Each structure stands twice: as structure tokens, then as C-alpha cells.
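Chemist: test case, fold it:
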Amino acid sequence: MSRAYFGTDGIRGKVGTYPITADFVLKLGWAAGRVFARDRKDPTVLIGKDTRISGYMFESALEAGLSAAGVNTQLLGPMPTPAISYLTRTFRAEAGIVISASHNPYYDNGIKFFGPDGLKLSDDIERLIESEIDQPMTTVDSSRIGKATRLKDAAGRYIEFCKSTIATGMDFDGVKLVIDCAHGSTYHVAPFVFSELGATVITMGDHPNGFNINEGVGATKPESLAKRVIEERADFGVALDGDGDRLIMVDHAGRIVDGDEVLFIIASARQARGELMGPVIGTLMTNLGLEHALSRSGIGLKRAAVGDRYVMEMMLAHQSTLGGESSGHIICRDRIPTGDGIVAALQVMEAMQSTGKDLAYLAKAMDKYPQCLVNVKVRDRVNLDQFDAVQSMKLEVERELAGQGRVLLRSSGTEPLVRVMVEGADGQKVRSLADKLAATVAEVLGH
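Modeler: Sure, this is the predicted structure:
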């Protein structure tokens, strides 16, 4: 049974457009509370958010809905998504809720959930919540209404956790880096993690005003970071997204190092230390270059569906400790059970320190295949298999690649987009074929 509201990463959309409205989020909080409160005495849920202006409204709505269902809430304020995962486990809460639309602009927002184990909710739990949304809203007896408190020093707890994810005694004295917080929820966390480990930290994107999250900065727009790294003559840069669960890095020369290259660096370092367990888990978007580079080192790669929750599901199935996406969601499962941009950056820095090599050198060991991704705006989410013209053009493009590349065509789980990806040895040909397929998609499904 498909889900009516939940996508690949919670519920997301434009603020004020159903379901991202105050009344729906109130009902969502109540419905989730009903599920989380079952057979539990004095249930508690944590609520964190990023820096969007609409976060205030949705925080209040969730709190009210949860209270009406008899669930206590602890409000964390602006906190990175992975911090909610960590703190939910630490406080043995029934669930953690994040109010965020990740890398989207300020006028979007969303709600995503973590279970008591710090993992994203299963499809079955999301369906239970959706079934409650369809019921009339009620309020528990006044003696059982939930209470709301604000958790003090949530940021400090998470900072100490991040620092604990690298080897004891390792410090980064003499390292100079630029960190871009995307005017998001890491603005009061990330700079302190790296500076307290001895690094000289230059910060950008650290002045959120409710409207500037991800605007021209962050993991989706690392060009400004690249420029700043060169200007400051820094050793490297780290760009986080608005909720801190993904990163893109930049070497000293301003070259962008994406999630596939980050995965390769961490995997290689862990294998050298004898710490790598299971295959590395990537996605359908993972570059062929990563697969080949890992294979040369005797490391396997398996591909999950796009979305960090599906990466985690495959990691659990294969007992893997490392997985992630090209976009920068990196999961170090032996550290934290969700994508964490700060933790991933620390693992790369540890690899640099232990090998004595810079980021450019470590990333250069992996040769990336040219890959072209085109996003096509469509009216609604669709089943692409139903459109013969699109499938026919996909087959034609695959024939032209002649077994020397890949084609991926999928609907976004978070936005009204169809993602067209073509990968192959010849960059010019890849670009041409991607444009050709995208034009067909736009003609058949576009606005």
C-alpha cells in the first residue's frame, strides 16, 4: 500500500500549500502522538528544527498535536537533523521529529521522524501515522495532556558527540579550513566542533535570518565555498546543507569533492585500519568510478534506491558500516545511524591526518566517469513506466552508450521533478544524450 503523505524523506512541500499547513501539521503531531504513545507510560518526543521562519509555526503546531495525544515534548530549537537522531537515542525518547526541508529554499518546509533507535521510520510506521490522520481528532483527558519543556545545552551535547567520533587524542592543530553552514541549523554547532579539535576555522553561511537558508551557499552551491577556500589559502572547505545531514568538500585548489569521493576516502582509510565491515552501500546515482576504484582495492559496492533511508536499510541487511549518496549523505553506521555532514567531514580529516596526504591527493585516487544530471519540472509525481515515448527514448540512449555507461530515470521523492541521469566515458556524448532524454521527458510530462 502506497503512502499518501510521506515521501522518501518525510513530508515536504511549499509552506501554506497542503499538506505543509499549520492545521495539517497539528493533526500530524496528534496522529504521530497516537502511534508513539501506544502501550507506553509517559511518552516523550523530541522536536528540533532548522532556521526557516516557518519553523516557529510548525513547532507550535506539532507540540499542540502531541500534547493533545498525551505525549510530552522536549523542544531543542535549531539543531542539525543528525543531532535529533543522536539525542532521541540518548534520551530514550519514543521518537524525534525534525522540522526541515533540508537543502530546499526557505519557503519550503517539511517534517521527518526518527524512531527510538535513531533510524528513520519504517514504511509500516508511516502508514500507521497516516491511518490516524484520517481519524477525527480528539484530546486525552486533561490529567494526561502532554507537557512541553525546552532541552538546555542540546548543542553542547551534540558537539561533544561529534568530537568523540574520531580517535582519542587526535587533533587538527595547524589545519586551516573554511566551513559553510548554509545559514542553517549547524551555524552554532559546526564551527565549535572543528575549532575545539584544534583547527583554525573560517566560517561562512553562519548568520541565519529565517529567509536565507541555502541561499547561494551550502552543499548544493559549493562554488562560493571554493572561492573562499582559495582566497583564505585554506587547506580545504566543508559545505553543509540547511539541516546538516549532508556535505560537499572542496580541496585547497577549489576543486569540489562530492559524496562519492568522500565515501571512497573514508572506505580506503577504514580498510587500511582493518575497520571496514561489509560492502560499501551506494545508490543508483553512485558514480561508476567509485565502484571501479573500490573494486581495485578489494571492496564491494552495492546499490540501493535513491534516499538515505534505503541506503540504511541495505546497510543493515548486509551489516555494512559505511554507505552514502553522491549528493553528500554519508552514513557512518558505527558512529551514528543517519547521514551526518559533520561526522563525515571528521572521518575525512582523520584520514588526511593518518596518511599525511591532503584532500586533493586522496580524492584523486578515484577517477569519476562523466555524469550529467538534468532535473525536469513536471506537473505531478508520475509512474514513468506508463509513458511509452519516454521509455522508448531511454532505450535509444542506452543503445547509443553501447554498454559503456548507465541511464537512470526517476521521479523525485521530495519535489515535482523527474531526474534524468546519463553516465559514460565520453563527457560530451553524455551531455548530449542527457539533454536529448530530458527534452523528451519535458515534452511528454512538463508544465
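
Chemist: so where do the helices sit in the stretch 301-447 of the chain?
Modeler: In the stretch 301-447 of the chain, the segments counted as helices under DSSP state H, counting those that start in this stretch are 308-318, 341-355, 359-364, 388-401, 427-445.

Chemist: just the angle between the fourth one and helix 427-445, please?
Modeler: Orientation check (axes from the mean of the first three to the mean of the last three CA atoms, to 10 degrees): helix 388-401 against helix 427-445 gives 170 degrees.

Chemist: adjust the sequence numbering to begin at 55 for everything that follows.
Modeler: Sure, I'll start numbering at 55, so the last one becomes helix 442-455.

Chemist: let me know which of the helices of the stretch 355-501 of the chain is the nearest to residue 288.
Modeler: helix 413-418 (10.6 Å; CB to CB). C-betas here are computed from N, CA, C, even on glycine.

Chemist: not counting sequence-adjacent ones, nearest residue to residue 354?
Modeler: Nearest non-adjacent residue to residue 354, counting by CB to CB, 6 or more residues apart in numbering: residue 333, 3.6 Å away.

Chemist: give me the neighbour count for the one you found.
Modeler: When neighbours are defined as other CB atoms under 10 Å, residue 333 has 19 of them.

Chemist: surely it and residue 356 touch.
Modeler: Yes. The pair residue 333 / residue 356 is scored as a contact, 5.0 Å apart, by CB atoms under 8 Å.

Chemist: quickly list what's touching both of the two.
Modeler: Residues within reach of residue 333 and of residue 356 at once, by CB atoms under 8 Å, 6 or more residues apart in numbering, are 372, 374.

Chemist: ok so residue 249 is a strand residue?
Modeler: No. Judged by DSSP: H, G, I helix; E, B strand; the rest coil, residue 249 forms no part of a strand; its state is helix.

Chemist: how close does it sit to residue 217?
Modeler: Separation of residue 249 from residue 217 (CB to CB, to the nearest Å) stands at 11 Å.

Chemist: these two: which is more packed in?
Modeler: Each of residue 249 and residue 217 has its neighbours counted (other CB under 10 Å); residue 217 has more, 18 against 15.

Chemist: just the strands from the stretch 305-454 of the chain, written as ranges.
Modeler: Along the stretch 305-454 of the chain, counting by DSSP state E, counting those that start in this stretch, strands occupy 310-311, 334-337, 355-358, 376-378, 384-386, 425-431.

Chemist: residues making contact with the fifth one?
Modeler: Yep, that's strand 384-386 we're talking about. Contact with strand 384-386 is made by 219, 300-301, 313, 316-317, 320, 362, 365-366, 369, 375-378, 391-395, 397-398, 401, as judged by CB under 8 Å, 6+ apart.

Chemist: partner residues bridging residue 167?
Modeler: Under the criterion DSSP bridges, residue 167 forms beta bridges with residue 151.

Chemist: which residues are in contact with it?
Modeler: Residue 167 makes contacts with 64, 86, 149, 150, 151, 152, 174, 175, 179, 180, as judged by CB under 8 Å, 6+ apart.

Chemist: of all these, which comes closest to residue 470?
Modeler: The nearest member of the contacts of residue 167 to residue 470, counting by CB to CB, is residue 64 at 16.4 Å.

Chemist: not counting sequence-adjacent ones, nearest residue to the closest one?
Modeler: Of all residues not flanking residue 64 in the chain, residue 166 sits nearest, at 2.9 Å (CB to CB, 6+ apart).

Chemist: verify the contact between residue 169 and residue 149 for me.
Modeler: Yes. The pair residue 169 / residue 149 is scored as a contact, 6.0 Å apart, by CB under 8 Å.

Chemist: show me whatever sits in contact with both of these two.
Modeler: 142, 175.

Chemist: neighbour-wise, which of the two wins?
Modeler: residue 149 (23 against 19).

Chemist: pLDDT at that one, what is it?
Modeler: The model reports residue 149 with a pLDDT of 98.

Chemist: same deal with residue 468?
Modeler: Reported pLDDT for residue 468: 67.

Chemist: same deal with residue 56?
Modeler: pLDDT recorded at residue 56 is 62.

Chemist: for residue 381, same thing?
Modeler: 94.

Chemist: what is the burial count for it?
Modeler: 22.

Chemist: with residue 464 instead?
Modeler: Residue 464 is flanked by 15 other residues according to other CB under 10 Å.

Chemist: for residue 341, grab phi and psi.
Modeler: phi -70, psi 140 (degrees, to the nearest 10).

Chemist: and it, what does it touch?
Modeler: 314, 380, 422, 423, 425, 477.

Chemist: the same query, at a cut-off of 6 Å, please.
Modeler: 314, 422, 423, 425 (CB atoms under 6 Å, 6 or more residues apart in numbering).

Chemist: who wins for neighbours among these?
Modeler: That'd be residue 314 among the contacts of residue 341, by other CB under 10 Å, with 27 neighbours.

Chemist: just checking, that one touches residue 344?
Modeler: Yes. Proximity of residue 314 to residue 344 meets the contact threshold set by CB atoms under 6 Å, at 4.4 Å.

Chemist: hey, which of the strands of the stretch 305-454 of the chain is tucked in deepest?
Modeler: Greatest average neighbour count among these goes to strand 376-378 (a mean of 29), per mean count of other CB atoms under 10 Å.

Chemist: that one - what's its average pLDDT?
Modeler: Taken as a whole, strand 376-378 has a mean pLDDT of 98.

Chemist: show me how far that strand is from its chain's centre.
Modeler: Relative to the chain's own centre, strand 376-378 is displaced by 12 Å; criterion: CA atoms, centre = their mean, to the nearest Å.

Chemist: so which residues make contact with that strand?
Modeler: Under the criterion CB under 6 Å, 6+ apart, residues 313, 317, 321, 334, 335, 365, 369, 384, 385 lie in contact with strand 376-378.
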